[in-house]
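**Student:** structure, please.
(one chain, ligands or ions: 2)
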Amino acid sequence: MLEMTRPQTLVALRGIGKTYANGTRALEGVDLDIRAGEFLTLLGPSGCGKSTILRLIAGLDAPSGGVLTRAFDNLGAEIGFVFQEPTLMPWASAFDNVFLPLRLQGQSRRTAAPSVEEALSLVGLADFAAAYPRELSGGMRMRVSIARALVLRPLLLLMDEPFAALDEIARFRLNDDLLRLQEELGATIVFVTHSVYESAYLSSRIVVMAARPGRITAEIGVDNAAARDEAYRVSAAYAATCKRAAGALRDAVHGEDL
Ligand SMILES: Nc1ncnc2c1ncn2[C@@H]1O[C@H](COP(=O)(O)OP(=O)(O)OP(=O)(O)O)[C@@H](O)[C@H]1O
Ligand SMILES: [Mg+2]
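**Tutor:** Ligands and ions are numbered 1, 2, ... in the order given. Down below sits the predicted model:
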């Protein structure tokens with residue numbers, strides 16, 4: 001029998017604080033491990049520091065206190081970042097948008113083509129390489145943005161409310177596609193959302209945060225043995241997770257001025 005090994009920690013945050021130049025205490029005393037292979041969701045009200053945590057993990061900003069360690073060095077290649085807005089170049093085709101990270105690495109269009117085409121087909125857009133963002137739906141633009149984040153095959157995918165602007169049908173489809181992608185790639189995902197339902201559907205672990213100062217108030221482990229499908233959306237297990245997450249979120253915002 002194979003010996004079970006402890007999941008590797010990809011990123012460790014210890015006592016992390018972040019105070020912005022204007023004095024806003026965006027984070028205080030945050031302890032968090034990102035474990036290899038997990039689907040971790042940060043769930044919390046507006047302003048609790050979710051985006052700040054992602055930016056610190058990605059090295060786009062530095063903490064003001066505490067220690068952040070990563071099990072890898074090449075942040076540009078090992079971290080894929082998907083922003084809330086698809087942030088595509090409007091003058092470039094889907095292919096060229098996904099090609100960008102490889103181009104920045106100095107690869108030619110020809111050498112990069114197989115990787116770009118593979119990333120586009122991973123997100124179901126194999127036939128849309130030549131399309132421009134204006135010709136694509138909101139959901140498809142978000143898929144291009146995900147393909148661009150995946151094209152370097154990062155260890156860690158950071159997603160900041162990627163589906164918030166989509167209608168529910170598109171969001172459900174992208175949720176399922178994202179889980180399939182994670183399984184195929186064995187990626188580790190840190191996902192930010194306001195939605196209790198989305199967090200309960202996607203996550204293997206939910207971290208609930210509160211604001212002023214931004215901090216972690218609860219952690220919910222999710223049993224993800226059950227397949228995530230239409231049956232799961234109406235199952236007792238899913239309802240129970242939603243209830244726990246909603247309760248923790250209610251406690252987190254309790255006492256705030258809403
Ligand atoms: N560059 C900045 N300068 C000053 N304050 C900032 C800056 N970025 C964020 N903040 C403040 O830090 C706090 C945390 O912001 P952050 O964007 O991380 O929250 P969030 O949880 O992502 O919120 P939302 O759900 O609205 O996206 C907020 O009070 C915000 O106004
Ligand atoms: Mg945010």
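
**Student:** which parts of this protein sit against ligand 1?
**Tutor:** Applying CB under 6 Å from any ligand atom, we find that the chain lies next to ligand 1 at 20, 22, 24, 26, 44, 46-52, 214. (Glycine included, C-beta is placed from N, CA and C.)

**Student:** any idea how many residues pack against residue 105?
**Tutor:** 11 (other CB atoms under 10 Å).

**Student:** now do the same contact list for it.
**Tutor:** Residue 105 makes contacts with 77, 152, as judged by CB atoms under 8 Å, 6 or more residues apart in numbering.

**Student:** can you pull the buried residues of stretch 87-107?
**Tutor:** Within stretch 87-107, the residues that count as buried by 16 or more other CB atoms under 10 Å are 88, 93, 94, 95, 96, 97, 98, 99, 100, 101, 102.

**Student:** give me the subset of the residues you listed lying in helices.
**Tutor:** 94, 95, 96, 97, 98, 99, 100, 101, 102 (DSSP state H).

**Student:** quick check, nearest of those residues to residue 192?
**Tutor:** residue 101 (21.0 Å; CB to CB).

**Student:** the closest one contacts residue 148, correct?
**Tutor:** Yes - with contact defined as CB atoms under 8 Å, residue 101 counts as touching residue 148 (6.4 Å).

**Student:** quick one, helices of the stretch 1-150 of the chain?
**Tutor:** With DSSP state H, counting those that start in this stretch as the criterion, the stretch 1-150 of the chain has helices at 50-57, 75-78, 94-104, 109-122, 138-150.

**Student:** re earlier: which members of the residues of the chain next to ligand 1 are the farthest-apart pair?
**Tutor:** Top of the distance list for the residues of the chain next to ligand 1 (CB to CB): 22 and 44, 20.9 Å.

**Student:** which one of the two is surrounded by more residues?
**Tutor:** residue 44 (27 against 5).

**Student:** excluding chain neighbours, what is closest to the more buried one?
**Tutor:** Residue nearest to residue 44 in three dimensions, not counting chain neighbours: residue 209, with 3.3 Å by CB to CB, 6 or more residues apart in numbering.

**Student:** got the contact list for that neighbour?
**Tutor:** 42, 43, 44, 45, 48, 49, 50, 215, 216, 217, 252.

**Student:** how about it, secondary structure?
**Tutor:** When classified by DSSP: H, G, I helix; E, B strand; the rest coil, residue 209 comes out as strand.

**Student:** over to residue 159?
**Tutor:** strand.

**Student:** same check, this time on the one 3 residues further on
**Tutor:** Under three-state DSSP, residue 162 falls in the coil class.

**Student:** can you count the residues close to it?
**Tutor:** 25.

**Student:** coming back round to it: out of the helices of the stretch 1-150 of the chain, name the one with the poorest average pLDDT.
**Tutor:** Across those, helix 75-78 has the smallest mean pLDDT, namely a mean of 91.

**Student:** and that helix, what's buried?
**Tutor:** Those would be residue 78, for helix 75-78 by 16+ other CB under 10 Å.

**Student:** just the CA atoms of that helix, as CSV, please.
**Tutor:** C-alpha atoms of helix 75-78 as CSV (Å, rounded to 0.1, in the frame of the first residue of the first chain):
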residue,chain,number,x,y,z
LEU,A,75,6.3,33.5,-9.6
GLY,A,76,5.6,34.6,-13.1
ALA,A,77,5.5,31.1,-14.4
GLU,A,78,4.1,29.2,-11.4
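
**Student:** need the residues that contact that helix.
**Tutor:** Counting by CB under 8 Å, 6+ apart, residues outside helix 75-78 touching it are 58, 59, 72, 101, 104, 105, 152, 154, 155, 156.
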